[in-house]
Every structure is written in structure tokens, then in C-alpha cells.
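In: Build me a model from this:
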Amino acid sequence: MPRPSADDRLRRLLAVVPWVVAAEGPTVEEVCARFDLREDELLAELDTVFLCGVHPFTPDALIDVDIEGGRVWIRYADYFSRPLRLTPEEGLQLVAAGAALLAVPGADPEGPLARGLTKLAAVLGVEVADALDVELGTVSPALLDTLRAAADERRSVEIDYYAYGRDARTRRVVDPEAVYAADGEWYLSAWCHVAEAPRRFRVDRIRSTQVLDRAEGDGDGAARQRRREAVSRTVFDPSPEDPRVVLELEPQARWVVEQYPVEDVEELGGGRLRVRLVAGERAWLERLLLRLGRWGKAVEGADGVGSTAAGRVLARYVGG
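Out: Presented below is the predicted three-dimensional model:
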């Protein structure tokens, strides 16, 4: 039997935890039977739950797991008892993620997660069953199949693409090389004929595709081979020419280090950080600084980007 991937283990664990919490001390045998696990597999998964929590990772901020007398208890950290304030987009993403968890074998379709998702979906005006189709980032199997087939057949594809970093839509011809998943997203690595360089595209940001009649690329086979070898399967490859920015982050903004590749991290004390990261596109940096708000500031390399973006947003509100 193949070993489950990290993504599969995470989805399974996210289904196990709320079910055990709701069951209030089920036996180890019950949990194993429900989620088709061996006892050693369950214990290994529960060992990782001990490490889950939030900053500053003190005992009151970690999930507690007790195994005694052949029974299992999981108690959430105090943090999880605090009410959350979600934007509509965050709420929709939460419903979509929860709907995916309910599809895991053993998940309780009438348990606390299902009931909570139903209530949240009602507030948002959507159906839980439809959330996976409307949530941003969802990729259709047909699109993945089209791109994979083009890569296998060495066909060029014209794509209508939304470039998040520049906040612009473009049409371009690409030579697909690989379709792969990384960090929870689908990516297309391809040679871009507009940039005349290898590029990486988030598949969920491709609005439409048209497979072209001609085979990929122009020129001789050696040139096509060089282009294919230049294509990367990583998520982000900064170049030395890309601009850098230095940010000072409050403890509430330490998530930046986990979410984005940073080149340098310095502890400033009190949970504060100074980080240096690549900021290749102005629109991307504007979004990041607006998200950080008062919890982060640019001290080098931003040239007033944050205040300029904030001024545009404020002007829209005043104008409205």
C-alpha cells in the first residue's frame, strides 16, 4: 500500500481531530476503525497534534492530547475559544476547505464541522456543496488535463492569464513543460514567448486556454531542448536583479516569514522581526503592506509604496 502524502495526512488529521473532540473520549479502536488506521499510525498522527498551536507556543496556546485507559481526548487551546472575524472571502475559503475535509473517509457529515459550515455558508449565501466550485483557487480537472496533454504532445498553448503581482490580465503563448502541485496550489511551468524566458503560472489564474495547431516553439530541436531545461518546477526563483525590501514586523505579523520566501531574518526582541525579501512587483508589495497595516512597516526599498497605495484606497472610500 503506497505511503500517504503529506497533504493526505493533513486532510485526514483535520478530519480526525474535530471528530475526537466531539466524541469526548472515544476508544483508540473506535478512532482506528472509523478512519481506517492502524493503532501505530493513529498514535503517530496524534504525536503531531501536540505540536499544533499559535504563537508564542506556550502550553495554553497548544492543543492538548490525552491517551489514557485506551481512550483519546483532544482539547483545543484557549486561543480557539475566541471568536474570529472573517471577511467574506476568508469565509468562503473556510467553507471550501471544510467541504474538502468532509469528503475525507470517516469524516462526520452531521458533526460539528458540518453544522458550522452550514451556518457559515448560510450567512455567505452559498451552499456548502457548491463552495468548492466558487472558491478562489479551485482548478478544474479539465484545465489540468488540457495543460498536461499539451505538455505531453509538445503543443503550444495560448492562455488568458491574470498576473497577481502586476494586477493585470495578459494573453500570451506558452510551451507547457510540467503541471505540478506545490504549497497547496497547482502550477504550470512553461516557456513564455512574450517574456522569451521560462515562467511559472498559477493554474487557478488561467482564465482560458487555446491549444494551438503548431508544435511548441520555433527553431531547431537543440533550441527547444534548451528552453525545456530552463523551465523550473519550483514555486519562486528570484533573480539577483529583482528589487529587495526590508520590513520590520510586529509579533502579529510573523506569518510573513512562514508565507513568503525571505532572504534574511533578524530577531529584534519582544517577538518583533526584521526581514528582507524579494519584491519583484509593485502591486504585490502594495497588497502586502496594506495587509500588514500597523503590524509592519517598510524600512528599506519600498519608496513610499505603502502610503501611496493606502492613499488610493482612501480616495476610493472618500469618492464613494
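In: Would you agree residue 48 falls within a helix?
Out: Yes. Counting by DSSP: H, G, I helix; E, B strand; the rest coil, residue 48 falls inside a helix.
In: Count the neighbours of it for me.
Out: Neighbourhood size, residue 48 [other Cβ atoms under 10 Å]: 13. Bear in mind the C-beta positions are built from the backbone N, C-alpha and C, glycine included.
In: next one: the one 3 residues further on
Out: For residue 51, the number of neighbouring residues by other Cβ under 10 Å comes to 9.
In: May I ask you to name the longest helix in the chain?
Out: Taking DSSP state H as the criterion, the chain has its longest helix at helix 6-23.
In: elements contacting that one?
Out: helix 28-35, helix 39-49, strand 71-75, helix 88-102, helix 112-124 (3 or more Cβ pairs under 8 Å, 6 or more residues apart in numbering; DSSP states H and E).
In: and that helix, which residues are buried?
Out: Neighbour-count burial for helix 6-23 flags 11, 12, 13, 14, 15, 16, 17, 18, 19, 20, 21, 23 (criterion: 16 or more other Cβ atoms under 10 Å).
In: And stretch 150-166, by the same measure?
Out: Those would be 150, 151, 155, 156, 157, 159, 161, 163, for stretch 150-166 by 16+ other Cβ under 10 Å.
In: Please identify which of those residues is nearest to residue 27.
Out: Nearest to residue 27 among those: residue 151, at 48.7 Å, using Cβ to Cβ.
In: For residue 20, give its distance to residue 106.
Out: When distance is defined by Cβ to Cβ, to the nearest Å, residue 20 is 11 Å away from residue 106.
In: my bad, residue 47
Out: In terms of Cβ to Cβ, residue 47 sits 19 Å off from residue 106.
In: who's more crowded, the two?
Out: Legend: neighbour count by other Cβ under 10 Å for residue 47 and residue 106, higher for residue 106 (14 against 10).
In: And what about that one, helix, strand or coil?
Out: Once three-state DSSP is applied, residue 106 turns out coil.
In: Mind checking the pLDDT average for stretch 32-44?
Out: What stretch 32-44 shows for mean pLDDT is 88.
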